[in-house]
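K.L.:
fold the stuff below for me.
(one chain, ligands or ions: 1)
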Amino acid sequence: MSDGESMDAVSEEQAYVDRAYSRLDSLAAGYTRKLAEIRRQGGRGNPEELFQRDSFAADYEDHLARLSHVEHQLVLGRLDTESGDVGHIGRIGLRDEDRNVILLDWRAPQAEPFYQATALNPQGMVRRRHIQSRLRKVISVEDELLTSDTEATANLNLTGEGALMASLGSARQGHMGDIVATIQVEQDRIIRADSTGVLIVQGGPGTGKTAVALHRAAYLLYAHRNRLANSGVLILGPSPSFLSYISRVLPSLGESDVVSSTVADLLPGVTATGVDRPEVEEIKGRAVWVRIARRAVDYLQRPLTTPTTLRINSFDIELTPDVIAIGHARARRGDRPHNEARQSYARAVIEELVRKYLEVSDTEEQDWLKADIASNEQVRRAVNLCWLPATPTWLLEHLYAHPGLLKRLAPELSDDERALLERPRGSGFTEADIPILDELAELLGDVPAAESDDDSLESYASATLASMDLGGGIVTGRMLAERQRQGGRRLPLAERAAQDRTWAYGHVVVDEAQELSPLAWRMVARRVPSRSLTIVGDLDQRPSGAPEGGWRELLGPLASHMREEVLTISYRTPAAVLEEAEAAMNRRGISLRHPVNAVREVDRSLRYEELDVAIEQELAFLTAEYGEGQGLIAIISENPPAIDHPQIHTMTPREAKGLEFDSVIVDGTIAEPGDLYVAMTRPTQHLILTPGTEI
Ligand SMILES: Nc1ncnc2c1ncn2[C@@H]1O[C@H](COP(=O)(O)OP(=O)(O)OP(=O)(O)O)[C@@H](O)[C@H]1O
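P.N.:
As a prediction, this is how the structure comes out:
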């Protein structure tokens, strides 16, 4: 385009962009008006009317929030078809008062050519135009002709290259931005892929895996709105800081009703307060815990070895091993979790005791007798000793605090490994404990509501355990009680799902998936019975390197549903930095399983400097490049220094996972090769190594 043509195109698009914003404003004004009307009516009316008004108000608020989130770059571009039709693509779909389309939602099937059409496969299009705007002002347009005589831009086949490069070269803000204006062909294919089964997206550093995963979530919410509106989407990330880093992407795509969590926060009611050493983490992540957990629950179901005499209403009644055996057999019928099956067990034992009671007494009245026996303190204690109600947290703490018991229940672990697990009660849980607790929760089930509401269970259990010399009290179904307390309130789906361990999500996205242990994968799989998952990660970024058997080996049972896509172009990391990161891995005897090609060369992107000098130079570079106070520097080190500066973040390689910065300084040698690879590939501009840093 000549300058004149470009100016014409800019003003032409400005007129269109103005029209789209004006419609956005009038929709927002409509919702604001309706909301004000509802609020004016206040608390008048019957409960039904109040509830209805509440729901409408919540809906209007959601709409308003959604409209405000899509304010930035509302219009993404336009497509011109062979037949002369023009369609504009937007962050959301918009229609005017007469239902005429102003903007096509980027996820609509008709918008696909905006991302997929190429000169070789124009899909009926003759031109694609990227529109870049700041606030509501169009600043440039970029046209790509899609006629068969157009040359492909470069060997990487980029679309909207100018807009893409501008976006990649801009200052990092500490929050990930969306890529909806410049999604590339290989990424779009993944975003729109079929929702069924387990889709693995393997991609090296900076290939856009996180971006793609989030855009896919938005796409699926659009394409399967009905199904997912009732079941929800869960996004799993490696750390709270990562979740905060990505938190703005989905709202900017008009979607916010999504649950995001780390594995550590996935079990409602339990908070992981500690972090294990890597060797302990590895032990706790092993699949063998499936068996250990089973045995731990079996340990709560004990046979009675010798008869015991119970004093009931001045009669001595003998509780014999066969009565307990009858109760056990009854409870094991059906495949119910331990705490739920316990009711059948207890009922059967009480029935047997009633029978024995009737033999020695001349009582005819049976109705009260059952209740009488069931509430007898001695009976309760004796009965429960042979089928002890328990919560997952109590049981795991108990296991860790009793080395002899752990040895009996976990013979697969060596003495040294078990010693690493020992700790006293009350030590708190770590992230690696969560999947074990989830495994136990699955086997134990909830403590039935009737009992969890009953304070006496808690005191009873403490007494029972004290009599067994097992230590502290038991936590009753607190989670359940909490949930019940909230029952009266109308909670949004995402909140309801997040609070429910047994919630079945419609789709689950797992990011940095190479990090999950075999046991964590089981925990994830339980949350998505439909097996509709998008799993993104990079095997080369695992601390200890890629496993021999690849993703199949990591995923365990989920692997039977998997298909794999590979992303090969790194958008983030400059070419020289990527080459050096690969060479560093080679020097440590590791050849990358999935090397990538960089789209960008950046001047002086790799240097050695003293830390102080590097900080000074990079701050000056950021100011010159983006303006005062703009851009971010990360100092990545096994022992990160404390530096108080708004543009400087310091962190360990593990904490740096998934994040990116304009400049990265790696300070000091990093032990694990995968961690080094992560650290070196974080910058969009410069990587600086301090002199003592061996790579
Ligand atoms: N099509 C695109 N248009 C604009 N920016 C893009 C595009 N694809 C990726 N990016 C940008 O490249 C950077 C890297 O993306 P992302 O963090 O998703 O990569 P990743 O594969 O998850 O990286 P890593 O595994 O190293 O964490 C981000 O800043 C992202 O916005």
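K.L.:
secondary structure element holding Val280?
P.N.:
helix 278-284 (DSSP states H and E).
K.L.:
so after that helix, what's the next helix or strand?
P.N.:
Helix 278-284 is succeeded, C-terminally, by helix 289-298 (DSSP H and E).
K.L.:
what's that next one packed up against?
P.N.:
helix 392-401, helix 403-409, helix 433-444, helix 518-526 (3 or more Cβ pairs under 8 Å, 6 or more residues apart in numbering; DSSP states H and E). Where C-beta positions appear, they are placed from N, C-alpha and C, glycine not excepted.
K.L.:
for stretch 556-567, buried residues please.
P.N.:
556, 558-559, 561-562, 565, 567 (16 or more other Cβ atoms under 10 Å).
K.L.:
including pLDDT, could those residues go into CSV?
P.N.:
Output for the buried residues of stretch 556-567, formatted as CSV (pLDDT from 0 to 100):
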residue, pLDDT
Gly556, 85
Leu558, 89
Ala559, 91
His561, 86
Met562, 94
Glu565, 96
Leu567, 96
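K.L.:
just those: which are in helices?
P.N.:
Among the buried residues of stretch 556-567, no member is found in helices (DSSP state H).
K.L.:
for these, work out which two are farthest apart.
P.N.:
Gly556 and Leu567 (23.6 Å; Cβ to Cβ).
K.L.:
can you give the domain ranges for the protein?
P.N.:
Per the TED database, the structural domains of the chain span 1-174, 198-266+501-570, 278-444, 453-495, 603-689.
K.L.:
start and end of the last one, how far apart?
P.N.:
Length of domain 603-689, first residue to last, Cα to Cα, to the nearest Å: 16 Å.
K.L.:
so is that domain next to the ligand?
P.N.:
Yes. Against the ligand, domain 603-689 shows contacts by Cβ under 6 Å from any ligand atom at 658, 660, 681.
K.L.:
wait, which of those is closest to Tyr222?
P.N.:
Gly658 (24.6 Å).
K.L.:
who's in contact with that closest one?
P.N.:
210, 237-238, 242, 245-246, 511-512 (Cβ atoms under 8 Å, 6 or more residues apart in numbering).
K.L.:
which among the residues you listed end up buried?
P.N.:
Buried among the contacts of Gly658 (16+ other Cβ under 10 Å): 210, 237-238, 242, 245-246, 511-512.
K.L.:
adding pLDDT and secondary structure, write these out as TSV.
P.N.:
Shown next, in TSV, are the buried ones among the contacts of Gly658 (pLDDT from 0 to 100; DSSP: H, G, I helix; E, B strand; the rest coil):
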residue	pLDDT	secondary structure
Thr210	96	helix
Gly237	94	coil
Pro238	91	coil
Phe242	91	helix
Tyr245	92	helix
Ile246	93	helix
Asp511	96	coil
Glu512	94	coil
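K.L.:
which strand or helix spans Ser260?
P.N.:
strand 259-261.
K.L.:
quick check: what element follows that strand along the chain?
P.N.:
strand 272-274.
K.L.:
from the contact counts, what lies against that next one?
P.N.:
Partner elements for strand 272-274 (3+ Cβ pairs under 8 Å, 6+ apart): strand 429-430.
K.L.:
what does the strand it packs on contact?
P.N.:
Applying Cβ under 8 Å, 6+ apart, the contact partners of strand 429-430 are 270-276, 280-281, 284, 393, 396, 437.
K.L.:
of those - the most surrounded one?
P.N.:
Leu437 (25 neighbours; other Cβ atoms under 10 Å).
K.L.:
relative to the ligand, which of the buried residues of stretch 556-567 is nearest.
P.N.:
Leu567 (6.8 Å; Cβ to the nearest ligand atom).
K.L.:
and the closest residue to that closest one other than its chain neighbours, what is it in contact with?
P.N.:
The shortest distance from Leu567 to any non-neighbouring residue, by Cβ to Cβ, 6 or more residues apart in numbering, is to Gly203 (3.2 Å). Gly203 makes contacts with 209, 212, 536, 538, 566-568, 594, 596, as judged by Cβ under 8 Å, 6+ apart.
K.L.:
at 10 Å what do you get?
P.N.:
186-187, 190, 209-210, 212, 536-538, 565-570, 594, 596 (Cβ atoms under 10 Å, 6 or more residues apart in numbering).
K.L.:
cool, and Ala211?
P.N.:
Ala211 neighbours (Cβ under 10 Å, 6+ apart): 176-180, 182-183, 187, 191, 246, 249, 536, 571.
K.L.:
quick check: the farthest pair among those residues?
P.N.:
Farthest pair in those, by Cβ to Cβ: Thr182 and Val536, 18.6 Å.
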